[in-house]
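Participant: only the shape, not the letters, is given here:
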């Protein structure tokens, strides 16, 4: 009975996260469209940042509360969930054509971001492994480089003639007034922040009551919950044959998760890392590298690759439950 209230609050928190992210994406993407930004850029930035706000709310609040395992496990688990399960499902719904810019710019930066975490796991560490403020600054600087490249490409697109622009990526018109878009964005951000706090506190209580490790909770319950906005956005985009939005959302979200959220969180408070985190991190590197290699050679994520990604997530989920559950 003692678990009833935390579970109710956890569900409420997830609902606030999902609906808040939905409002935020709708509002912010329409604001971006007023500036005539392409759907690929929107997917990589506005949509990706909006769907990553749940991870940001949960990880930052967890770290400040001293629950580093939930903070870091949420990011690693979310990125594995995004790449293996969401991209896998999207490709099964419809093979995803990978835009050239994603192959040349975004997927390599995505891989670089997670590869950097491996040496960060050991550098500047004494008796404990952690991501400190110096490493947080490096992550933020890499985020700045990523944003510079995106903005530079967006400026270059403005110089294209209408035919070239359509071939590069169609720019959609806003479907709501600017005042409504701003209001939705503010409401969405509020829902995400409140939902993130509820999810963090509830998940911590559930972990204690069930005897689960906070690391396992971060990798599973919290990471899946905070990735629901990405799941809904990318699968719906796949059904609508919007590959740039589907993949851009996933890749952009993964980049923001590592560079922005971990960077910002470690600047506020160094993140102490679980000793088993390196295994999960290497699995994330492998899955991210697989997507880059397939995209480079095939220029798409087909159903076979999607099935392999989906199976890899099922295998990973089975592995971490067997590894970290005390009763097994």
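Facilitator: Now that the structure is in, tell me what you want to look at. The structure displayed is predicted, hence computed values, not measured ones. Numbering: from 1, shown residues only.

Participant: how far off centre is the helix or strand that contains residue 149?
Facilitator: Under the criterion of DSSP states H and E, residue 149 resides in helix 133-158. Its chain's C-alpha centre and that of helix 133-158 lie 17 Å apart, by CA atoms, centre = their mean, to the nearest Å.

Participant: packing partners of it?
Facilitator: Secondary-structure packing of helix 133-158 (3 or more CB pairs under 8 Å, 6 or more residues apart in numbering; DSSP states H and E): helix 39-42, helix 107-120, helix 263-268. (Each C-beta comes from the backbone N, C-alpha and C, glycine too.)

Participant: mind listing the residues bridging to residue 300?
Facilitator: residue 97 (DSSP bridges).

Participant: roughly how far apart are residue 95 and residue 306?
Facilitator: Per CB to CB, to the nearest Å, residue 95 is found 8 Å from residue 306.

Participant: more neighbours, the two?
Facilitator: residue 306 (23 against 18; other CB atoms under 10 Å).

Participant: isn't the more buried one right next to residue 88, touching?
Facilitator: Yes: using CB atoms under 8 Å, residue 306 makes contact with residue 88 at a distance of 4.5 Å.

Participant: would you mind putting the helices and strands packed on helix 133-158 into a markdown table with mean pLDDT alongside?
Facilitator: Shown next, in a markdown table, are the helices and strands packed on helix 133-158 (pLDDT from 0 to 100):
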| stretch | mean pLDDT |
| --- | --- |
| helix 39-42 | 72 |
| helix 107-120 | 92 |
| helix 263-268 | 89 |
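
Participant: tell me which helix or strand of this structure sits lowest on mean pLDDT?
Facilitator: Counting by mean pLDDT, DSSP states H and E, the chain has its least confident helix or strand at helix 162-168, which shows a mean of 49.

Participant: next structured bit after that helix?
Facilitator: Counting by DSSP H and E, the next helix or strand C-terminal to helix 162-168 is helix 178-210.

Participant: assumed residue 122 was part of a helix.
Facilitator: No: counting by DSSP: H, G, I helix; E, B strand; the rest coil, residue 122 is located in no helix; its state is coil.

Participant: for it, what are its contacts?
Facilitator: Applying CB atoms under 8 Å, 6 or more residues apart in numbering, one finds that residue 122 lies in contact with residue 129.

Participant: ok, back up a step: looking at the helices and strands packed on helix 133-158, which is buried most?
Facilitator: helix 39-42 (a mean of 24; mean count of other CB atoms under 10 Å).

Participant: helices or strands next to that helix in the packing?
Facilitator: Helix 39-42 sits against helix 4-34, helix 133-158, helix 243-255, with contacts defined as 3+ CB pairs under 8 Å, 6+ apart.
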